[in-house]
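In: structure of the sequence below:
(2 chains)
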2 protein chains.
Amino acid sequence: MIDIERLKLVIETKNTFAVVSHTSPDGDSMGSILSFYNFLIEKGKRVDVFVEGQVPRKYLYLNGANEIKNVDLAQESYDCLIVLDCGDLDRLGECMPLTEKCDLIINIDHHITNTRFGNINIVDSNASSVGEMLYDIYLQLGHNISKNIAECLYTSIVSDTGGFKFSNTTSKTMNIVSKLLEKDIDFTSIYYRLFDQKTLNGIKLTSLVVSTLRTYLNGKVAIMNLTKEMLELSGATEDEAGELVNIARDIENVEVGVLIKEIDKNVYKISLRSKDYVDVKDIALKYGGGGHVKAAGCTIKDKTIEQIETILLKDIEKSLGEVI
Amino acid sequence: MIDIERLKLVIETKNTFAVVSHTSPDGDSMGSILSFYNFLIEKGKRVDVFVEGQVPRKYLYLNGANEIKNVDLAQESYDCLIVLDCGDLDRLGECMPLTEKCDLIINIDHHITNTRFGNINIVDSNASSVGEMLYDIYLQLGHNISKNIAECLYTSIVSDTGGFKFSNTTSKTMNIVSKLLEKDIDFTSIYYRLFDQKTLNGIKLTSLVVSTLRTYLNGKVAIMNLTKEMLELSGATEDEAGELVNIARDIENVEVGVLIKEIDKNVYKISLRSKDYVDVKDIALKYGGGGHVKAAGCTIKDKTIEQIETILLKDIEKSLGEVI
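Out: Numbers count the residues shown, from 1 in each chain, chains lettered A, B, ... in the order given. Model (predicted):
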């Protein structure tokens, strides 16, 4: 029996479900777990949804967000555990004990590295998001997409595609979004909450960080600092300012954007972003860090910002030189 | 004969075409005129495309952009003039003489106020953009959408929908974008050029303007200044910084964002943006300005920034009070 048929049987025959995603949930995990919550509720099932820690405030508009529990409020047992957007079980963090409370694990994911830890595994690394996969899955299970589900799936897809601008956005992605908009969802308001809404303190922090912006190597490298003093002055958490390092990378002609963030006295976390051709993972690896070709990071201790800047510029100059 | 059939006959029987849009061309006008250029070239026609002044640099990636002419380089006559994204002929500006050089005018537009100035008028105020309309029109004319045309239409649609976030984005819009992505266009690079790419000077100007941000009336109003000194210090044009007033409006809990821009000694241009319920057009009208409910502006003379702030806050407080 193919996995979707087996999943159909599980949904039809089981009654109590736990739904969970990875720690530090993002838009795709929140949208996915709450779409599954709404799907199961609409099917008349008993469902508990779990998140480690607090539900991030910006997702509270999703139907079911107020029902989300921490793992200590879990029942003794569930018929089935639904794990969404998790490459492996370690990413469940504090929610790991749920795996002991369920006989059956359903694993639905789009990470290419997925370890197929479930009894049923539906994995598609070509999907922009788990939300995109779930759209097809609910239809294959014979369920109509409600407005509540559509809002969750839109949240998943728009989040993991960066507002439909990342290269994981496909013709199929946009076709599914087209169907979701037919459900009359308030997508302008969702988009605003996810991308455009900033706190006053977040804007202040951004302004302080950007005021340190300087460029080197013919404008190919842009560097900014984020100090603990700036966090205090602005009253913002780093989250509130968004992905600051992108501001440096997105400048015209810049190839590498760098954010040097003070973590502690003489301890700095370095975020590196490249635009087209420099492999910043290589640079991060040199200092014990890691990441991807165009987005990487590392931590450097016992050096001043000026010293860090000097050594990074040497590394970046070498990478730029190899290509230009 | 319905308009699309008449248009089909024109395209089949005529040979020389002039294509034009409104002054200060935006993404929809640039994408529309260049999609029509590519369409006519693919049909084996002779085409000249016109823009008033310079082609904005950020649209130079579109195929045909380097062929665009100013009106003084127009031929003596054309069989047909194609006018795109223009509510009325006045918006042609310096390109107006083209209307005298052509016997036949085709008017394709999505403004609800369109004056139907053409011999053939195809107007759809429900379309997000003229690019969206043209997708259907090319298909109805029996023409396959090439990659060049797809890049132009994507540019039109993504521009006029603000990256698919404005309320003019419909299920149909997304379905058309889905078809355009099938043409393997480099949409991530187009999106970056249109929305994310900033100049170094533009970032500096943004930072200076945001450093003046202050809030009033319980955080419901956020005001920023843009002085001539900031333009000099940053070396940026205002265009390079993007829609600065939106930064103020987009702050959490803010209802009205205001930018007070110094035009000359004691002359200030005021931009007003509201989020949900305040009618800023009403406020702008009071000072001889105008605009829309959520986006308006006016010019105030012979007052200091502090005095302007005081009178605007009184007006805004009144508008807020009427609703809350």
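In: in contact with the closest residue to A:Gln140 other than its chain neighbours, which residues?
Out: Once flanking residues are discounted, A:Gln140 sits nearest to A:Ile4: 5.1 Å by C-beta to C-beta, 6 or more residues apart in numbering or on different chains. From N, CA and C alone the C-beta is placed, and that goes for glycine too. Residues in contact with A:Ile4, defined by C-beta atoms under 8 Å, 6 or more residues apart in numbering or on different chains, are A:122, A:137, A:140-141.
In: and those residues, which of them are buried?
Out: A:122, A:137, A:141 (16 or more other C-beta atoms under 10 Å in any protein chain shown).
In: give me the subset of those lying in strands.
Out: Under the assignment DSSP state E, these contribute A:Ile122 to strands.
In: which residues in the stretch 1-150 of chain A form helices?
Out: A:3-13, A:27-42, A:130-140, A:147-160 (DSSP state H, counting those that start in this stretch).
In: got TSV for those helices, with distance to B:Ile308 too?
Out: Output for the helices of the stretch 1-150 of chain A, formatted as TSV (distance: least, C-beta to C-beta, whole Å):
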stretch	distance to B:Ile308
helix A:3-13	62
helix A:27-42	40
helix A:130-140	46
helix A:147-160	38
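In: could I get the ones you listed as CSV with mean pLDDT?
Out: Supplementary listing: these in CSV, determined by pLDDT from 0 to 100:
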stretch, mean pLDDT
helix A:3-13, 96
helix A:27-42, 98
helix A:130-140, 98
helix A:147-160, 98
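In: and B:Glu182, which of the ones you listed is closest to it?
Out: helix A:130-140 (16.4 Å; C-beta to C-beta).
In: list the buried residues of that closest one.
Out: A:130-135, A:137-138.
In: list the contacts of it.
Out: Residues outside helix A:130-140 that contact it (C-beta under 8 Å, 6+ apart) are A:4, A:7-8, A:28-29, A:31-32, A:35-36, A:39, A:84-85, A:108-110, A:122, A:124, A:127, A:145, A:149, A:152-157, A:160, A:172-173, A:176, A:179-180.
In: give me the buried subset of the residues you listed.
Out: Judged by 16+ other C-beta under 10 Å, buried ones among the contacts of helix A:130-140: A:7-8, A:28-29, A:31-32, A:35-36, A:39, A:84-85, A:108-110, A:122, A:124, A:127, A:145, A:149, A:152-157, A:160, A:172-173, A:176, A:179-180.
In: can you narrow these to ones near chain B?
Out: With C-beta under 8 Å from any C-beta of the partner chain as the criterion, the buried ones among the contacts of helix A:130-140 include A:172-173, A:179 near chain B.
In: turn those residues into CSV, columns for distance to A:Leu62, secondary structure and pLDDT.
Out: Formatted as CSV, these follow (distance: C-beta to C-beta, whole Å; DSSP: H, G, I helix; E, B strand; the rest coil; pLDDT from 0 to 100):
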residue, distance to A:Leu62, secondary structure, pLDDT
A:Lys172, 23, helix, 98
A:Thr173, 20, helix, 98
A:Lys179, 19, helix, 98
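In: so who does the closest residue to A:Thr155 other than its chain neighbours touch?
Out: Closest residue to A:Thr155 in three dimensions, ignoring its sequence neighbours and counting by C-beta to C-beta, 6+ apart: A:Gly31, at 3.6 Å. By C-beta under 8 Å, 6+ apart, the contact list for A:Gly31 reads A:59, A:62, A:129, A:131, A:152-157, A:159.
In: how far away is A:Gly31 from A:Phe39?
Out: From A:Gly31 across to A:Phe39, the span is 12 Å (C-beta to C-beta, to the nearest Å).
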